[in-house]
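In: the sequence isn't on hand, but the structure is:
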């Protein structure tokens, strides 16, 4: 190989090495973490405000995000600080912050070769978050209607033998000897019923008459015998 060939080979190798270095440098620069990989947004979650920071760094460089509320006169209040490790698809971190309308927040990122604020500063919406309305409650003194449920089978009491109802003939028949069965007195005997007379009145009258006759006969027989004794 001549000297000219050696020089040509060395020159070609140098060009190739430089090209490779340039490509690797560009690739590294493309994958490096930059402030452009970060974004901040004010949102509402559950009726309260939050600040969400998203990291789309494809190199997955570890970084720290800090959020500050800017007040009047340049006074800042630190809201919070969180670590983040981004990805090409994006990784989000959330800072609970009940922000006011049109408030300004400064978001700072530090990681790798980055130590800068996200520009422009975050300004919240002009309308505050609305709290979620609670479910309506029934007015006092009312009870919610119970949910219908399948009633449990109840044990029925054993059937009692039915008491036989009295027949019409038995119910209508009155016991013997009651006032309802006694014969009503005749119209002509109403005075006898009031004086205590009954069906034996004729018999008693006949006996009395017989006694009167017997008594009269005894008196007559006695007077006749007394007269005969005097004449004798």
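Out: Nice, thanks for sending it over. Bear in mind the structure is a predicted one, so any value in this text is a computation, not a measurement.
In: check which element follows the one helix or strand residue 52 maps to along the chain.
Out: In this structure, residue 52 sits in strand 48-55 according to DSSP states H and E. Read in the C-terminal direction, the helix or strand following strand 48-55 is strand 62-70, with elements assigned using DSSP H and E.
In: partner strands of that following strand, parallel or antiparallel?
Out: strand 76-85 (antiparallel), strand 104-111 (antiparallel) (DSSP bridges).
In: could I get the buried residue list for the last one?
Out: For strand 104-111, burial by neighbour count (16 or more other CB atoms under 10 Å) applies to 105, 106, 107, 108, 109, 111. (Each C-beta comes from the backbone N, C-alpha and C, glycine too.)
In: just checking: what are the partner strands of the helix or strand that that strand is followed by?
Out: Scanning the chain past strand 104-111 towards its C-terminal end, the next helix or strand to appear is strand 114-117 (assignment: DSSP H and E). Strands adjacent to strand 114-117 in the sheet, as given by DSSP bridges, are strand 104-111 (antiparallel).
In: now do the partner strand: everything it contacts.
Out: The list of residues contacting strand 104-111 from outside it, by CB atoms under 8 Å, 6 or more residues apart in numbering, reads 33, 35, 38, 40, 42, 51, 53, 61-70, 76, 79, 97, 99, 115-118, 121-124.
In: from what I see, residue 127 and residue 101 are in contact.
Out: Yes: Residue 127 sits in contact with residue 101 when judged by CB atoms under 8 Å, with a separation of 6.0 Å.
In: from the contact counts, what lies against the top helix by length along the chain?
Out: When every helix of the chain is counted residue by residue (DSSP state H), the longest turns out to be helix 201-231. The contact analysis (3 or more CB pairs under 8 Å, 6 or more residues apart in numbering; DSSP states H and E) places helix 201-231 against no helix or strand.
In: tell me the buried residues in that helix?
Out: For helix 201-231, using 16+ other CB under 10 Å, no residue counts as buried.
In: same question for stretch 83-101.
Out: Under the neighbour-count criterion of 16+ other CB under 10 Å, stretch 83-101 has 84, 86, 93, 95, 97, 99 buried.
In: so which of these belong to helices?
Out: Checked against DSSP H, the buried residues of stretch 83-101 include nothing in helices.
In: let's have the residues you listed in CSV, adding distance to residue 219 and pLDDT.
Out: Formatted as CSV, these follow (distance: CB to CB, whole Å; pLDDT from 0 to 100):
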residue, distance to residue 219, pLDDT
84, 161, 97
86, 164, 94
93, 156, 97
95, 154, 98
97, 152, 96
99, 152, 96
